[in-house]
Each structure stands twice: as C-alpha cells, then as structure tokens.
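Colleague: Output the structure for:
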Amino acid sequence: MLARVSNIEAYRQWQNWKPLFDGDEEPSLDDLVRRITVDEPSEAMMAGTAFHAAMELAANGEHEAFAADGYMFHLPDAEIALPSIRELRGFKDYGGSEVTGKVDCLDGNVVIDHKTTGRVDLERYLSGCQWRFYLDIFEADVFRWYVWELKDAGEKTYRVSPPQILEARRYPELGADCSRLADEFHDFALRVGLPDSRLEDAA
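Modeller: Residues are numbered from 1 along each chain as shown. From the prediction side, this is the model:
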C-alpha cells in the first residue's frame, strides 16, 4: 500500500482532534475519509500551492514580488537563497506501507520546508509527523521550516511577512515512531477501505 505523508498526518490529527478541519465540531470519520480521498482545495491551499510554484521557479537574489498560477505575492525586503535541489520525492518501505513525501528543498542533511499560513502556529508543526517522516525517508538530520504569513491584499494578491524559522532534529527513536504510525495508518486504511494514495501533489 502506498501512503502519503500528508494523509498519515491527517489521520494523526484526526486521532488527536487537532484544528485540521474547518469549524469547531469534532471531525467525523467521514470528514477524514473525504479529506484524504477528495481533492477540494480551499483558497488558502490554492494560494499556498501558487506560492510554492513561484518559489520553485525563482532564482537566487532579491525579489520584490513572486507570481504564479494567477497569484501575486508582495515579498518582504530580503534576499532569498534557495538550494539547487528542490521538489524532490522520496519513498520508504515500512513493511505494510510504502510511504512517500516530497520535500521543498534538500540542502545536504537539511530538509527545508516552506509553509504558508494566515496565522503562525509553530507548535502545530513541531507536534506533527511530517518532519519525522521526511527526516527518516531522506536520511537527513535537520528539518527546517520557513513559515510565511500571507495577508490578503486583493483578489489573488497577498502581502508576505518575513518568514519565521523553526528547526527540529533527528532523535534516536525517530525511525521507530515513524514505523509505528505507518503501521497504524495501514491498519486503519484497510479497515475503512481507503485506496492507495495518488502521487500527484503528494506532500
């Protein structure tokens, strides 16, 4: 079975009832299955995808604005340096599941991930499983987030705040934690009849 890291994280948040879904009511099993199997991106998700596309195409140096997919992003006054290895997909076999993820950038033993948000919540990233799986899959030691806060400035136009930078590091039990969660998701997927994950736009 092929499993996307993003779907395992959705399952983990569903188990712990984190604010992954809109609204204040506890998400149901149907909510989780729909999130995993139905592609219904919100405006925030589409803006984030466009921002990633613009970053992927950008050259190193100073930029006043990025544009992609009909979106415009007005950037902070800062020079942006991007590693040469970008949008790299990896896979790892965890027994019952092969787990796949795609890093934004890989710089030696450092995985770099760009996140866009309307409100920064760094603890949410640290508590998740994405960084753990990415370090395990890509055999890296450091996971570094650049968290970009986007503010609406008109139709498909956003002002971008300087990024907040957060790091997490490999720890001895990381591989075992990933294996355990991959096994839990595999058993859950079989119980509810989830299909193998699609590869396009996997996170």
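Colleague: Reduced to three states, what does Lys48 come out as?
Modeller: You called it Lys, but residue 48 is Gly. Secondary structure, DSSP: H, G, I helix; E, B strand; the rest coil: Gly48 is helix.
Colleague: mind checking pLDDT for the closest residue to it other than its chain neighbours?
Modeller: Closest residue to Gly48 apart from its sequence neighbours, by C-beta to C-beta, 6 or more residues apart in numbering: Thr116 at 4.1 Å. C-beta: built from backbone N, CA, C; applies to glycine. Turning to Thr116, the model gives it a pLDDT of 92.
Colleague: check which helix or strand covers Thr116.
Modeller: Using DSSP states H and E, Thr116 sits in strand 110-117.
Colleague: after that strand comes which helix or strand?
Modeller: Counting by DSSP H and E, what follows strand 110-117 is helix 122-127.
Colleague: Phe73 - how many residues pack around it?
Modeller: Other residues near Phe73 come to 24 when the count uses other C-beta atoms under 10 Å.
Colleague: my guess is it contacts Leu150, does it?
Modeller: Yes. Counting by C-beta atoms under 8 Å, Phe73 touches Leu150, with 7.4 Å between them.
Colleague: after the worst-scoring helix or strand of the chain on mean pLDDT comes which helix or strand?
Modeller: Counting by mean pLDDT, DSSP states H and E, the weakest-scoring helix or strand in the chain turns out to be strand 79-80, with a mean of 65. Per DSSP H and E, strand 79-80 leads on to strand 86-93 as the next helix or strand towards the C-terminus.
Colleague: Which residues belonging to stretch 56-63 are considered buried?
Modeller: By neighbour count with 16 or more other C-beta atoms under 10 Å, stretch 56-63 contains the buried residues His63.
Colleague: How far does it sit from its chain's centre?
Modeller: 21 Å (C-alpha atoms, centre = their mean, to the nearest Å).
Colleague: shaky segments in this protein?
Modeller: The model of the chain has pLDDT under 70 over residues 17-27, 31-32, 34-40, 60-61, 77-85, 195-203.
Colleague: For the longest helix anywhere in it, enumerate the helices and strands it packs against.
Modeller: If you go by DSSP state H, the chain has its longest helix at helix 174-192. Applying 3 or more C-beta pairs under 8 Å, 6 or more residues apart in numbering; DSSP states H and E, we find helix 174-192 packed against strand 2-4, helix 5-16, helix 130-137.
Colleague: rerun that using 6 Å as the cut-off
Modeller: helix 130-137 (3 or more C-beta pairs under 6 Å, 6 or more residues apart in numbering; DSSP states H and E).
Colleague: Packing partners of the helix it packs on?
Modeller: Against helix 130-137 (3+ C-beta pairs under 6 Å, 6+ apart) you get helix 5-16, strand 98-107, helix 174-192.
Colleague: Mind putting these into CSV with mean neighbour count and distance to Asp141?
Modeller: What follows is the helices and strands packed on helix 130-137, written out as CSV (neighbours: other C-beta atoms under 10 Å; distance: least, C-beta to C-beta, whole Å):
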stretch, mean neighbour count, distance to Asp141
helix 5-16, 20, 18
strand 98-107, 21, 12
helix 174-192, 16, 10
